[in-house]
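Novice: build me a model:
(one chain, ligands or ions: 2)
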Amino acid sequence: MKRATMVQPSSTFVNINKKNLWVSLAIAVLSLCFVPINVSAAVRRHPPQQHHLSRKPSPKLRFGRNGEFKILQVADMHYADGKTTPCEDVLPSQVDGCSDLNTTAFIHRMIEAEKPNFIIFTGDNIYGFDSKDSAKSMDAAFAPAIAARIPWAAVLGNHDQEGTLSREAYMSPPNAQKSSAPGLVYFHIPLPEVASFDSTNFTGVRQEDIGSASVNSGFFTTLVEAGDVKAVFTGHDHVNDFCGQLTGIQLCYGGGFGYHAYGKAGWPRRARVVVASLEKTEEGGWGTVKSIKTWKRLDDKHLTAIDGEVLWSKKHTGTRRKKHINGSPA
Ligand SMILES: *[C@@H]1O[C@H](CO)[C@@H](O)[C@H](O)[C@H]1NC(C)=O
Ligand SMILES: *[C@@H]1O[C@H](CO)[C@@H](O)[C@H](O)[C@H]1NC(C)=O
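Specialist: Ligands and ions are numbered 1, 2, ... in the order given. This is a model prediction of the structure:
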């Protein structure tokens, strides 16, 4: 199989219309800048330092003709050796014939259903302990994105480095971003602030403790001070899948995606979709980002879409609209 090609190996800037949209391995930050629809992203790449992050030309990132940029978040795949790696926490009736390949099938289904412009894998992409060869597991885990030729990036989780690849073998330090467009930040472990929500002020479910660091590094405060960050997306806690807003920033879980990851039998694996929409100008062109919406899809028969909400809009923030979201069957 072709070696995995990361859109942004190590630290890389993707400039959209001279402004920044950058993604790195440790943390992925997307700045959704004003971009005329026919102007494609210019990509400047730093060569990856080592291993299998090869030097293929990067795909271009751009808003679609419909003025939307759609991101699929894949959290906690825990991919190991494929067909021989069994599923965790599925119903007794689902155990037979269930493996990593079900995780692969779910990505294919999500790509088919949502046709995302970008896929972000938010860590614990592989389960290092169980994988015989981490590079091979990574390749297999990301293969559907590569096959579909969709730009993608991956951040690391705590389980990615437990196998045959060290943390250093995956990444170098990210560059800083400078932009005032609405920013979306993706990383693996939830911020301690996520523990301040309860069911009265989040959308989704909380079924386990918040697995954040015991020490608050001040990262949330930094994000608030940055001013442009509108939403943060993490994984790590597989059976939490909520979004809640604190100090103008939405803190969201992706919800567990992978079948070789712990989960909850009978509670379907899921994925989060985020779409940024541009506003139409009076001249009929595209203006700046007008709204950022999200929903999740369950890996059930109909890929049921749930918990649609507006995360941010130019005028209002945090408006909940659970009934129907454009582009998603509610
Ligand atoms: C896993 O995939 C197999 C083969 O497609 C399918 O029969 C089975 O229902 C899947 N299991 C789950 C839990 O989705
Ligand atoms: C959520 O609501 C609870 C009360 O039910 C409150 O204690 C908590 O501070 C609220 N959290 C946020 C982030 O607003």
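
Novice: show me where pLDDT drops low in this structure?
Specialist: Applying pLDDT under 70 to the chain flags residues 1-26, 33-59, 167, 170, 172-180, 316-330.

Novice: so in it, which strand runs the longest?
Specialist: When the chain is parsed with DSSP state E, its longest strand is strand 286-298.

Novice: for that strand, packing partners?
Specialist: Packing contacts for strand 286-298, counted by 3 or more C-beta pairs under 8 Å, 6 or more residues apart in numbering; DSSP states H and E, involve helix 100-114, strand 229-234, strand 270-280, strand 305-313. Backbone N, C-alpha and C define where each C-beta goes, glycine included.

Novice: is ligand 1 within reach of it?
Specialist: No. Shown here: strand 286-298 not in contact with ligand 1 (C-beta under 6 Å from any ligand atom), separated by at least 10.9 Å.

Novice: just the C-alpha atoms of that strand, please, in PDB.
Specialist: Provided in PDB are the C-alpha atoms of strand 286-298 (Å, rounded to 0.1, in the frame of the first residue of the first chain):
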ATOM      1  CA  TRP A 286     -18.500  35.200  -1.300                       C
ATOM      2  CA  GLY A 287     -17.700  37.200   1.800                       C
ATOM      3  CA  THR A 288     -16.300  36.200   5.200                       C
ATOM      4  CA  VAL A 289     -17.400  33.300   7.300                       C
ATOM      5  CA  LYS A 290     -20.900  33.700   8.400                       C
ATOM      6  CA  SER A 291     -21.500  30.700  10.500                       C
ATOM      7  CA  ILE A 292     -20.000  27.500  11.900                       C
ATOM      8  CA  LYS A 293     -22.300  24.600  12.400                       C
ATOM      9  CA  THR A 294     -21.900  21.100  13.700                       C
ATOM     10  CA  TRP A 295     -23.600  17.800  14.000                       C
ATOM     11  CA  LYS A 296     -22.700  14.200  14.600                       C
ATOM     12  CA  ARG A 297     -23.400  11.000  12.700                       C
ATOM     13  CA  LEU A 298     -23.800   7.600  14.300                       C
END
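
Novice: buried ones in that strand?
Specialist: Buried positions in strand 286-298, judged by neighbour count with 16 or more other C-beta atoms under 10 Å: 286, 289-298.

Novice: strands of the stretch 151-300 of the chain, residue ranges please.
Specialist: Taking DSSP state E, counting those that start in this stretch as the test, the strands found in the stretch 151-300 of the chain are 152-155, 183-186, 202-203, 229-234, 243-246, 249-253, 270-280, 286-298.
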